[in-house]
Structures are given as structure tokens and as C-alpha cells.
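**Student:** Sequence and predicted structure, then a few things I'm wondering about:
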Amino acid sequence: MELEVKSTEGTESERLAAKRIMPLLQNHHRLLATLLLGNALCFETLPIFMDAIMPSWAAILISTTFILVFGEVVPQALCVGPQQLQIASSATPLVNFFMTISFFVTIPIGKALDYFLGTHGQHRYDKKMLIKIVGLHAKKATTSPDAQELSNVPAGHGHEGHGHKKEQALEQEEYDIIQSTIELKEIKVEEIMISIDKIFSVSAEAQIDKSLLLKIAKRGYSKVPIYRGAKNNIVGIIPTKKFVNADEFTGSSIDQAYKYSQPTFVPRDQTLLELLSIFQKGNTQTVFVTSKMVKGNQASPSKNFNSQYDTKVDYNQEVLGLVTLKDLFERLCKVEIRDDDEHIYSVVQTNRRRGSTRFGRQVTDHGRMDQMAEPKMAGGLHQPLNS
């Protein structure tokens with residue numbers, strides 16, 4: 001796997017070296033048989049040769065020492081260091097030579113091993129293992145136990161220029177985002193949704209008057225869900241800014257006065273990865289989670305969920321809650337995101353308690369809003385519509 005990375009993302013010398021080595025690994029078992037055959041010949045031949053020119057005890061001592069130092073310790077120490085790629089590339093012609101002259105032995109052994117043990121395919125990690133590996137590259141500040149264990153390694157440990165360096169380690173935020181991204185397909189929308197009983201919404205039959213407008217303004221959201229009958233029967237969404245000039249509709253119901261934006265529905269077992277695709281392809285940043293479950297009855301929705309899930313029909317389905325684009329990014333980054341409108345709304349709330357007239361809202365000491373002269377309603381588009 002490291003060779004694959006080096007062959008495309010390494011330096012010029014690393015790419016050339018990797019491309020020279022990779023053809024050898026395609027015949028893994030034949031390469032293994034060649035190396036072991038050469039190793040066995042050296043180990044057996046050297047003691048016999050030494051025994052012919054010196055006493056047996058000296059032949060055993062010298063041959064064992066020579067094989068241990070120059071056949072095991074030194075090669076393995078060099079070949080696992082930072083120059084291992086260049087060393088392997090330099091040895092490629094010699095290995096090819098031995099594979100050629102020993103083909104009558106190594107090819108049958110290689111074929112037999114392929115038959116009984118199977119060929120070696122591309123090595124890939126599953127998601128859990130991949131998260132573990134990423135955790136090993138994170139700094140000590142990360143919550144990953146693997147990264148904390150790795151951070152205890154003394155400075156300067158290992159070969160120079162090879163291995164883990166603290167200045168190259170991932171930051172906590174980088175690790176969190178990578179981990180959350182890998183897990184997106186495993187998390188269902190119902191795990192991050194805002195429950196329906198915490199959502200501020202207005203009945204379609206509600207009469208437009210000053211008290212309703214005051215209630216909407218105090219909430220400070222940029223969009224208001226509209227329900228008919230039961231609160232979990234969402235029929236549309238109205239941008240709050242439409243209520244600024246609501247005087248002409250005084251006495252009428254919301255149903256009569258406004259045309260709703262069509263809501264987007266998703267089943268409760270929709271994954272966050274699929275939800276991200278809905279946000280990317282659709283014209284909405286808010287979806288309503290329904291009690292409907294479709295997994296197990298249909299093919300994998302991640303392949304073509306748009307053809308399987310009609311997200312804009314069936315108003316009779318029970319709504320359990322909602323998820324906004326902001327909620328998705330908060331789960332992805334594992335932080336709470338506060339936008340400018342939320343800051344403005346908090347200032348409005350503070351000034352309201354002080355009786356301020358800032359932002360075009362005249363507020364009495366009792367906290368009552370007497371007018372809404374400012375057309376921009378406080379509250380962000382991605383702010384959860386919870387009460």
C-alpha cells in the first residue's frame with residue numbers, strides 16, 4: 001500500500017523506485033521462494049566452505065557470526081530505515097537475475113503456494129482500522145488512545161527522517177473531522193435530529209394578529225414550519241421575513257395569506273452521507289425526519305436514493321423532528337457553530353431586558369415589543385428551530 005502511495009504522491013525518485021519494485025510484488029510467492037532459496041543456499045554453503053579451510057569449531061563460530069551480522073542484523077536494520085525504497089530499487093536487477101536462473105524451482109513452488117494459499121491482492125483497511133491508523137497520527141491532545149500512546153515515544157526515537165514527527169501530526173480538529181467523515185455512512189439522521197416537541201412551529205389555521213407576529217419575532221428564527229392539525233403533520237415552511245409586511249393580512253389565517261415552501265422529508269434511517277447528498281442536490285437546508293423506514297426493503301439507498309425516496313410528497317407521514325445543514329456540519333466538526341444572526345439575537349434579547357430600542361424594536365420594561373420596523377428577523381438560517 002505504501003508503494004502505491006509513493007508511486008503517485010512521492011517525490012520523483014520515490015515514484016521511479018516504487019514503479020521498479022511493484023512488478024516484482026505481482027508474483028509474491030515466486031519472489032518469496034527465490035529469496036528463501038538464496039538465503040538457504042548461503043546458510044548451508046558458508047559453513048561447509050569454512051570447514052574445509054579451518055577447524056570445525058572456528059568454522060561454526062565464524063560462519064554463524066558472519067551470517068548473523070551480515071545476513072540478518074545489518075540488512076534488516078538498513079531495509080526498514082528511511083532508505084528502504086532506494087535500497088530495494090537498487091537490488092531489483094539482482095533479484096530479477098536470481099528469479100530468472102532459479103525459475104525451474106521457484107515457479108512450481110510459487111504456483112503451488114498460489115493454489116493452496118491464494119494470491120495476494122491489494123491490501124485495504126476497513127473503516128475501524130482506518131480510524132485507528134489516523135488516530136496514531138494525531139497529536140497528544142486528541143482523544144484517541146492510540147495517539148496518546150504514540151505520543152509517549154521519546155523524541156528522536158527511530159531513524160532520522162523516518163516515522164512519526166510531532167510537528168507533522170494531525171491536530172485534534174483534523175482528527176475529529178476525518179473520523180466523523182468516515183462514520184457518516186454509519187450514522188442515521190434520527191441520531192442527530194431535533195425532536196418535534198422542541199421545534200417552534202405555527203398552525204396553518206392560526207389567525208394573523210399582533211400577538212402571533214410578536215411570538216414569531218421573539219423566537220428569532222429565519223424560517224417557521226407550518227403544521228395542519230397535529231403538530232407532527234408538517235405541510236410547509238414560511239421564511240420569517242414574509243411576516244414583516246403582514247399588516248395587510250391581519251385577521252386572515254396563515255393558510256389563506258401565504259404560500260408555503262414545500263417541505264423535504266427523509267426517513268428516519270437515512271444516513272448522514274445520503275443526507276449530505278440531498279443538501280448538495282436540493283434547494284433546501286432543512287429536512288424533516290419521518291417515522292418511515294425503508295432500509296431492508298430496497299436496494300442500498302446510497303447508490304440512488306433519489307429514485308427510492310420521494311422527499312417531497314406524502315404529507316400524512318408522521319414527522320419525528322428536523323435536521324438542518326448546520327446540524328450536519330456540527331456533527332461533522334464535533335463543535336457547536338454559532339453564526340452572526342445568533343449573536344444578533346442574543347444582543348436583542350439582552351437589550352430587550354434593558355428596554356433598548358436597538359435594531360428597530362422598541363421594547364418596554366416589561367419585555368413587550370411594540371413594533372417591528374427592522375425587516376431582518378434575528379436568527380440564522382441554520383439555527384435549529386427548537387423552542
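**Tutor:** Nice, thanks for sending it over.
**Student:** what about residue 218, distance to residue 14?
**Tutor:** Using CB to CB, to the nearest Å, we find residue 218 at a distance of 62 Å from residue 14. Bear in mind the C-beta positions are built from the backbone N, C-alpha and C, glycine included.
**Student:** what's the span of stretch 222-238 from first residue to last?
**Tutor:** Stretch 222-238 has an end-to-end distance of 9 Å (CA to CA, to the nearest Å).
**Student:** repeat for stretch 243-253
**Tutor:** Terminal residues of stretch 243-253 lie 12 Å apart, using CA to CA.
**Student:** Show me which residues of it are buried.
**Tutor:** By neighbour count with 16 or more other CB atoms under 10 Å, stretch 243-253 contains the buried residues 243-244, 246, 249.
**Student:** Could you identify the pair within the residues you listed that is furthest apart?
**Tutor:** Spanning the widest gap among these are 244 and 249, at 11.5 Å by CB to CB.
**Student:** How much space separates residue 81 from residue 108?
**Tutor:** Applying CB to CB, the value for residue 81 to residue 108 is 35 Å.
**Student:** Who has more neighbours out of the two?
**Tutor:** Neighbours were counted for residue 81 and for residue 108 using other CB atoms under 10 Å; residue 81 has more, 15 against 12.
**Student:** Am I right that the more buried one sits in a strand?
**Tutor:** No. Counting by DSSP: H, G, I helix; E, B strand; the rest coil, residue 81 is not found in a strand; it is coil.
**Student:** how is this protein carved up into domains?
**Tutor:** By the assignment in automatic domain parsing, the chain contains the domains 2-117, 127-186, 190-360.
**Student:** remind me which residues of the stretch 251-387 of the chain are low pLDDT?
**Tutor:** Applying pLDDT under 70 to the stretch 251-387 of the chain flags residues 295-316, 339-387.
**Student:** Next: the stretch 51-200 of the chain.
**Tutor:** Low-confidence segments of the stretch 51-200 of the chain, defined by pLDDT under 70: 121, 140-168.
**Student:** Repeat the analysis, applying 50 as the threshold.
**Tutor:** Scanning the stretch 51-200 of the chain for pLDDT under 50 picks out 141-144, 147, 150-151, 153-158, 160-161.
**Student:** can you give me the strands for it?
**Tutor:** Assigned by DSSP state E, counting those that start in this stretch, the stretch 51-200 of the chain shows strands spanning 194-195.
**Student:** what's the neighbour count on residue 225?
**Tutor:** Counted with other CB under 10 Å, residue 225 comes out at 24.
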